[in-house]
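Asker: Sequence plus predicted model, see below.
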Number of protein chains: 2
Amino acid sequence: MATNTRRRTLLLDAAIDLLAGRGARGLTFRAIDETAGTPIGTASNYFADRGELLAQVFDRIGARLAPDPEVLARLGRRRPSAKLFGDYMRDIVSRLTTERDVTLALFELRLEASRNPDVARLVRAWQGAGFSADVAFHTDAGLPGGRDEVALFHYALDGLILDRLTAPIDPATTTDHVIDRLVAGLFRDVHPALDTR
Amino acid sequence: MATNTRRRTLLLDAAIDLLAGRGARGLTFRAIDETAGTPIGTASNYFADRGELLAQVFDRIGARLAPDPEVLARLGRRRPSAKLFGDYMRDIVSRLTTERDVTLALFELRLEASRNPDVARLVRAWQGAGFSADVAFHTDAGLPGGRDEVALFHYALDGLILDRLTAPIDPATTTDHVIDRLVAGLFRDVHPALDTR
């Protein structure tokens, strides 16, 4: 069972590498086995069909992008403020850019959602659950703003990360500076007297 | 010559359809001919290699996403303000979401840039030229802010458009409302007394 779990993870990581490295059309059961170094037929033994494979790829993406509990605990001890929110955003961007292939795979799957209704269902579920969890976390943490602000940051950071992982338009400006500007701007409407320093 | 130009455009539009509909790996000379309905061999006659094809695909993308001169003229007669900037942003988002396949093709090419240095060169040139032109336009039009703000909107709108074209996290909120919030927030640092109504 432990061996099975390890092998399943190996196959799912190979699937993520293929999505990032070749795009959604490069993801075949055969290519997974070749990339994972498993005998041809292994991947199709582990996953009944492409839908099951992709559903588990999303779970694996979630596991690989999950926050470090120590970082969360440290941030969770601080007073809620826009500055704290900025540091949460920095942690998210850091995870997504460090796990470059996972993030590129996710972008691939999102584009695939535009052309394949089955993938669209999975992506909608993934994005929807992520957004709801982010809003709940935001509210529970007592951070300024709410659902609207979480959505705005979702858009802005997605665009920023896509830019930074591909062909940056403004590489001389640090990602930290961009996040600072977004935080300073996008919360003003909510709490005009908010501490953004 | 006119026939050649029309046929070249037909082939380039087929290439854009393929990028949007199948991803970068689905783009082959043969598939272009099949999609365009031209005899097999036509596309490879028109484009020396994949690099030349993609360079011309970018030109065609630029032509298809170009602003309507009448819209630009109408906006150009107004007093520069954050509100006017918002209307420029609305026009950009409207063009990109109306020309859905062109925009999806562009996202595909940007992801392809993460894995192929030749495509990366083309994407960098395209993104760089677009960003410089946007900054120059912004400055010439006397709009508030400058390079930094243009970059922030570039990120935020990219993320918003990707979201809206794939699996939206918050479909009940209108795109107009999101743009209003971004404009109201992201210019405050520059001109605190700016008219954002």
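Answerer: It's in.
Asker: need the helices for chain A, in chain order.
Answerer: With DSSP state H as the criterion, chain A has helices at A:2-22, A:29-36, A:42-46, A:50-65, A:69-76, A:82-98, A:100-113, A:117-140, A:147-165, A:175-186.
Asker: Could I get the ones you listed in CSV, plus columns for distance to residue B:68, mean neighbour count and mean pLDDT?
Answerer: Where you see a C-beta, it was placed from the backbone N, CA and C, and this is true even at glycine. Converted to CSV, the helices of chain A look like this (distance: least, CB to CB, whole Å; neighbours: other CB atoms under 10 Å in any protein chain shown; pLDDT from 0 to 100):
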stretch, distance to residue B:68, mean neighbour count, mean pLDDT
helix A:2-22, 37, 18, 94
helix A:29-36, 44, 18, 98
helix A:42-46, 49, 18, 97
helix A:50-65, 39, 17, 97
helix A:69-76, 47, 12, 95
helix A:82-98, 36, 18, 95
helix A:100-113, 27, 23, 97
helix A:117-140, 31, 16, 95
helix A:147-165, 24, 22, 96
helix A:175-186, 30, 20, 92
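Asker: now those as CSV including distance to residue B:8?
Answerer: Supplementary listing: the helices of chain A in CSV, determined by distance: least, CB to CB, whole Å:
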stretch, distance to residue B:8
helix A:2-22, 29
helix A:29-36, 34
helix A:42-46, 42
helix A:50-65, 36
helix A:69-76, 53
helix A:82-98, 39
helix A:100-113, 26
helix A:117-140, 33
helix A:147-165, 30
helix A:175-186, 39
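Asker: Compare those helices and give me the one nearest residue B:53.
Answerer: Smallest distance to residue B:53 across the helices of chain A (CB to CB): 19.0 Å, for helix A:2-22.
Asker: hmm, who's touching stretch A:137-145?
Answerer: Stretch A:137-145 has contacts (CB atoms under 8 Å, 6 or more residues apart in numbering or on different chains) with A:76, A:80-82, A:84-85, A:88, A:146, A:149-150, A:186-187, A:190-191, A:194.
Asker: my bad, should have said stretch A:40-47
Answerer: Under CB under 8 Å, 6+ apart, the answer for stretch A:40-47 is A:7-8, A:11, A:14-15, A:29-30, A:32-34, A:36, A:53, A:56.
Asker: Between all of the residues you listed, which two are at the greatest distance?
Answerer: Checked with CB to CB, the contacts of stretch A:40-47 reach their widest spread between A:34 and A:56, with 18.8 Å between them.
Asker: quick one on the thing from earlier: out of the helices of chain A, the one nearest residue B:175 is which?
Answerer: So among the helices of chain A, helix A:147-165 is nearest, using CB to CB, at 10.3 Å.
Asker: what's the distance between that closest one and the middle of its chain?
Answerer: The chain centre lies 11 Å from the centre of helix A:147-165; the measure is CA atoms, centre = their mean, to the nearest Å.
Asker: Extract the CA atoms of that helix and return them as CSV.
Answerer: Taking Å, rounded to 0.1, in the frame of the first residue of the first chain, the C-alpha atoms of helix A:147-165 are listed here in CSV:
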residue,chain,number,x,y,z
ARG,A,147,-14.7,38.5,-0.9
ASP,A,148,-14.2,41.3,-3.4
GLU,A,149,-10.7,42.0,-2.3
VAL,A,150,-9.8,38.3,-2.4
ALA,A,151,-11.0,38.2,-6.0
LEU,A,152,-9.1,41.3,-7.0
PHE,A,153,-5.9,39.8,-5.6
HIS,A,154,-6.6,36.5,-7.2
TYR,A,155,-6.7,38.2,-10.6
ALA,A,156,-3.7,40.5,-10.1
LEU,A,157,-1.5,37.7,-8.7
ASP,A,158,-2.5,35.3,-11.4
GLY,A,159,-1.4,37.8,-14.0
LEU,A,160,1.7,38.7,-12.2
ILE,A,161,2.8,35.0,-11.8
LEU,A,162,2.0,34.2,-15.4
ASP,A,163,4.1,37.2,-16.4
ARG,A,164,7.0,36.3,-14.1
LEU,A,165,7.1,32.6,-15.2
